[in-house]
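**Q** next come a sequence and a model predicted from it.
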2 protein chains.
Amino acid sequence: MSRNLRTLSEKDAGTKRMNLEQVAQKAGVSRATVSRVINDEQYVREETRQKVLRVIEEEGYAPNAAARALAKRQTEVIGIVVPDTLENILVNDNPYYYPIVLQGITNAAHSDDYATLLWMLHSSEDERRYYQRILKNRLMDGLLIVASVTTESFLIDELQRIKFPFVIISQPPRSYEGISYVGIDNVAAAQEAVHHLAQLGRKRIGTITGKMHNREAQDRLRGYEQGIKLSGLPYDETLVVEGAFSRDSGYNGMKYLLDQGVDAVFAASDVMAVGALEAIQEAGLHVPEDIAIVGFDDLPLATQVKPTLTTIRQPIAKKAAIATSTLIGLIEGRMQAPVQVLLPTQLVIRNSCGAKQKG
Amino acid sequence: MSRNLRTLSEKDAGTKRMNLEQVAQKAGVSRATVSRVINDEQYVREETRQKVLRVIEEEGYAPNAAARALAKRQTEVIGIVVPDTLENILVNDNPYYYPIVLQGITNAAHSDDYATLLWMLHSSEDERRYYQRILKNRLMDGLLIVASVTTESFLIDELQRIKFPFVIISQPPRSYEGISYVGIDNVAAAQEAVHHLAQLGRKRIGTITGKMHNREAQDRLRGYEQGIKLSGLPYDETLVVEGAFSRDSGYNGMKYLLDQGVDAVFAASDVMAVGALEAIQEAGLHVPEDIAIVGFDDLPLATQVKPTLTTIRQPIAKKAAIATSTLIGLIEGRMQAPVQVLLPTQLVIRNSCGAKQKG
DNA sequence: TTGAAAGCGCTAACAT
DNA sequence: ATGTTAGCGCTTTCAA
C-alpha cells in the first residue's frame, strides 16, 4: 500500500501538472475567470484575458480532460467502430479502405477538437462482447460505425434504444429506417458504368457482383440492371454472377462470363476487376479489344495493372469526413437525426474500357 | 439559452443513466460498497456483492468513465500515434502494415481493459501542431508511437521531459538512448536472408536497401554486409543500391543491379522485391534460375506474385501487442523504463530463391 | 466583468 | 465487511 503510494509520487515527480486553481492564483484571478478564458467565453476583460493567457503559456498548463468531461457531461471524444476482423479486411483485398476512412475521420474530428477512440473487432472475440464493451464505455459522446459485411444490428438496436448519437459510414441494410448514414449512390454509379460500356457499342455486358447480402452489392446490381435497360439492351440474367469482392471471386466469375460470351463486364470492385482481367488474359483475349472492363472504387491498384482500369471513383475520405461532422452536429444538437447523405461518384476513364484510342 | 436547455433535456430523456448513488440506494448499500463491487475489490460479502450486481444488471448501469478517471487520476486510455500521412502510407505501397498494427494494439489494449485513442497525422497539418495537440490531451495514460520515416523527435523529447510513459513500435534512431521500444532484429534477419542465398551457391548477391535515413534500412544493410562476410564472399559495395521501400525503387534498383551482373538479390521489402521481379522478367531473365530473390515483410503480396516470394516474415501484430502490454506495464508501475525488446523473425522459403526444386 | 460556491460521479482513506 | 467523508479538477449558476 505505502509502496504503491511511493511509486506513484515518484512517477509523478517530474510530471505533476498545474490545475486551474494554481493558474488562477498565479494570475491573481478566480478559477471561474481562468475557466472562461480557456473556454473562450465573453465577458472577460481583454487585459485579464492576456494576464491569464500568459500564465497558461508560461506554465504550459492544459486542462484535465477528465475533470472537464465530468463537469460538462461531454467528453469531446467520438468512437470509431470497425466491425471487421483483420482477416476480413485482408481477405477483401482492399487494405486501402480502412486507412483512408480513418484518416478522413480523424482529420474532421480533430479540426472540431474531438479526439477519436478506436474500436476494432478481433477474430478471437465474439461480436456481442465487442459491442458490449463499446456500449459500456462512457467516454464517448457519439459513435461512427464503419459498415461492414458482418452484422452490427445488435449494436445499432442498442444505440437506438438508449438514444445515443451515431452515424453509419455507408448505407445500412434497407431494414433500418430512421438512422443516420453517409454513403454513396451505388445505384447511380453502377448505372453510369454500364451505360458507358453500352455507349461504346458493347452488347453483351456481364457483371460480377459483391456478396449479395451486402447492401452495396445489391445496389450496384440494381444499377447494373437499370443501366442495361436504359441503354436499350435486353436484360439477361445469365450474365450476372455473384462474386465476393475478392480477387479470386473476380477471377472465377470471369471464367463463367467468358463461357457466356460477354464483350464487356462491370465488376463491383476494382479487386474483382483485376481478377477478371487475369482470367481474360489467361484465356488469350485482350482488354479492351475483346472484352471491356469497368471496375469500382478507384484504388491505387487501378493504375497499377495493364491496361489501367476504367472505374468508378468513390470519395472515401469525404464520406468519412462528412459522417464525422454530421455526428458532431448531432452531438451538439445542431442537427436532428436522421441525417441521410448519398454522395455522388465519378466515372474515371482509363484504358480498360476502350473509350480511349490507343496510340 | 432556455432553448438549449430544452434540447438537452429532451435529448437525454431516454438516455439518462443511473449513477453510483442510485445503484447504492436501490441495493440498500453505500456508494463505497458499490464502488468496491464494480472494481472487484475484496472485503465485500458475497451476498452483498450479488445484490449489488443484480441491481447493476437490472438497471444496465455502467460507471461514468470521466468521473472514475478524475478520481483515480488514471483514464485507462492509451494513445496511438501514427506519424505518417496517408499519402506516405499509400506511397510506401504497404497498406497492410497499419491495419495489422492497429489490430494488434487494440487487441492487447482491450484485453487489459484499456481503450485506445487514435492520432493520425494529416498532410494539411504541420507536425508540430499535431504533436502539440497530442501532448495537450490529458485523456491518456501513455502513448504508443508507430515509428515512421518522418521524424517524431520533438514528440519524443517532450515525452521524455515530462516523463510521460511511451513505447515506440520499431527501433528508434540510434541517437535515442534509454527509451522503450519493441522492434525486430533487422540485422539478424537480413543476415539470414543473405546467408541463405549464399548457401544456395549464389556468388554475386546484391541488395536494394530502404531509405537510408531509416533505422530499419540501416540495420538491414548491416545484416546484408555481415551475411556476405560470414558466408566467405567478398564484400562489393557496387552491389548495394539505395531504394525507398517502394515498388518503383525496387524496379529501378534492379535495373542497376542487372548491369552489375548479380545472380541474387536481397530486397529490404517485399514491395521492392516485386518491383525487382518485374525488372528481371522484363529483361528476359528468370527467377530463381538466373537470379534469386529474397524479400522482407511477408506481405500477402508475397504469395500473389509468380514465383512466390521467399522472404523474411516479421511478427507485426505481435510486435504491436508486446509494445502495448509493455506500455501498460509501464503505466501501472509493474515495469521500469526503458524496456527494449527485439523480436526474432523467420525466413519463409517459397519459390523465388531456388531452394525448392520445382516439379 | 468577476468571484463564490455548489455540483459532476466516482475513489480512497478512515472509521466503525 | 460496510459506511462516512473528503476530495479529484473543472464548469456553471448566482450574486456582486
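**A** All right, it came through fine.
**Q** give me the next element, helix or strand, following the helix or strand bottoming out on mean pLDDT in chain A.
**A** Every helix and strand in chain A was compared by mean pLDDT, DSSP states H and E; the lowest is helix A:2-12, with a mean of 33. Downstream of helix A:2-12, the first helix or strand assigned by DSSP states H and E is helix A:20-27.
**Q** same question for that next one: list its buried residues.
**A** Using 16 or more other C-beta atoms under 10 Å in any protein chain shown as the test for burial, helix A:20-27 gives A:20, A:23-24, A:26-27. (Glycine included, C-beta is placed from N, CA and C.)
**Q** what's it in contact with?
**A** A:30-31, A:33-35, A:51-52, A:54-56, A:59, A:61, A:63 (C-beta atoms under 8 Å, 6 or more residues apart in numbering or on different chains).
**Q** want to try a markdown table for the buried residues of helix A:20-27, with distance to A:His110 and pLDDT as columns?
**A** Converted to a markdown table, those look like this (distance: C-beta to C-beta, whole Å; pLDDT from 0 to 100):
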| residue | distance to A:His110 | pLDDT |
| --- | --- | --- |
| A:Leu20 | 24 | 93 |
| A:Val23 | 25 | 94 |
| A:Ala24 | 29 | 93 |
| A:Lys26 | 30 | 92 |
| A:Ala27 | 29 | 93 |
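**Q** buried ones in stretch A:67-83?
**A** In stretch A:67-83, counting by 16+ other C-beta under 10 Å, buried: A:67-70, A:75-83.
**Q** check the residue positioned nearest the centre of chain A and give its pLDDT.
**A** Against the mean C-alpha coordinate of chain A, by C-alpha atoms, centre = their mean, the closest residue is A:Val101 at 4.1 Å. For A:Val101, the pLDDT comes out at 93.
**Q** which member of the buried residues of helix A:20-27 is positioned nearest DNA strand D?
**A** Using C-beta to the nearest atom of the strand, A:Leu20 comes nearest to DNA strand D of the buried residues of helix A:20-27, at 3.0 Å.
**Q** other residues contacting the host helix or strand of A:Gln103?
**A** Assignment of secondary structure by DSSP H and E places A:Gln103 within helix A:97-111. When contacts are defined by C-beta under 8 Å, 6+ apart, helix A:97-111 is touched by residues A:78, A:80, A:82, A:84, A:89, A:115-116, A:118, A:144, A:146, A:169, A:316-325, A:328, B:85-86, B:89-90, B:95, B:98-99, B:118-120, B:122, B:124-125, B:133.
**Q** would you mind checking these for buried ones?
**A** Counted by 16+ other C-beta under 10 Å, those give A:78, A:80, A:82, A:84, A:89, A:115-116, A:118, A:144, A:146, A:169, A:316-317, A:319-325, A:328, B:85-86, B:89-90, B:95, B:98-99, B:118-120, B:122 as buried.
**Q** confirm A:Ala273 sits in a helix?
**A** Yes: assignment of A:Ala273 by DSSP: H, G, I helix; E, B strand; the rest coil places it within a helix.
**Q** what about the contacts of helix A:97-111, which are in strands?
**A** Of the positions in those, A:78, A:80, A:82, A:115-116, A:118, A:144, A:146, A:169, B:118-120 sit in strands, assigned by DSSP state E.
**Q** which ones, among those, also lie beside DNA strand D?
**A** Contacts with DNA strand D within the ones in strands among the contacts of helix A:97-111, as defined by C-beta under 7 Å from any atom of the strand: none are present.
**Q** among the residues you listed, which one sits closest to B:Gly243?
**A** B:Met120 (25.8 Å; C-beta to C-beta).
**Q** doesn't B:Val82 make contact with that closest one?
**A** Yes: if you go by C-beta atoms under 8 Å, B:Met120 and B:Val82 touch, sitting 4.7 Å apart.
**Q** can you list the ones in strands among the contacts of helix A:97-111 in a markdown table and add distance to B:Asp270 and pLDDT?
**A** Formatted as a markdown table, the ones in strands among the contacts of helix A:97-111 follow (distance: C-beta to C-beta, whole Å; pLDDT from 0 to 100):
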| residue | distance to B:Asp270 | pLDDT |
| --- | --- | --- |
| A:Ile78 | 35 | 97 |
| A:Ile80 | 29 | 97 |
| A:Val82 | 25 | 91 |
| A:Ala115 | 34 | 96 |
| A:Thr116 | 30 | 97 |
| A:Leu118 | 26 | 96 |
| A:Leu144 | 32 | 97 |
| A:Val146 | 27 | 92 |
| A:Ile169 | 30 | 95 |
| B:Leu118 | 26 | 96 |
| B:Trp119 | 28 | 95 |
| B:Met120 | 24 | 93 |
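**Q** flag the shaky bits of chain A, pLDDT-wise.
**A** Along chain A, the model assigns pLDDT under 70 to residues A:1-16, A:90-93, A:148-151, A:357-359.
**Q** residue numbers of it in contact with DNA strand D?
**A** A:19-21, A:31-32, A:35-36, A:38-39, A:63-64, A:67-68, A:70-72.
**Q** what segments of the stretch 151-300 of chain A are helices?
**A** Ranges of helices in the stretch 151-300 of chain A, per DSSP state H, counting those that start in this stretch, are A:153-161, A:186-199, A:215-230, A:247-259, A:270-282.
**Q** wait, which of these is closest to B:Glu237?
**A** By C-beta to C-beta (comparing all of the helices of the stretch 151-300 of chain A), the closest turns out to be helix A:270-282, at 39.0 Å.
**Q** give me the contact list for that closest one.
**A** A:92-94, A:208, A:210, A:243, A:245-255, A:257-258, A:265, A:267, A:286-287, A:290-291, A:293-299, A:301-302, A:305, A:309, A:311, A:352.
**Q** now A:Val341, what's its secondary structure?
**A** strand.
**Q** list the contacts of the closest residue to A:Ala292 other than its chain neighbours.
**A** Nearest residue to A:Ala292 in three dimensions, chain neighbours excluded: A:Ala264, at 4.2 Å (C-beta to C-beta, 6 or more residues apart in numbering or on different chains). For A:Ala264, the contacting residues are A:197, A:200, A:202, A:204-206, A:291-294, A:353, by C-beta under 8 Å, 6+ apart.
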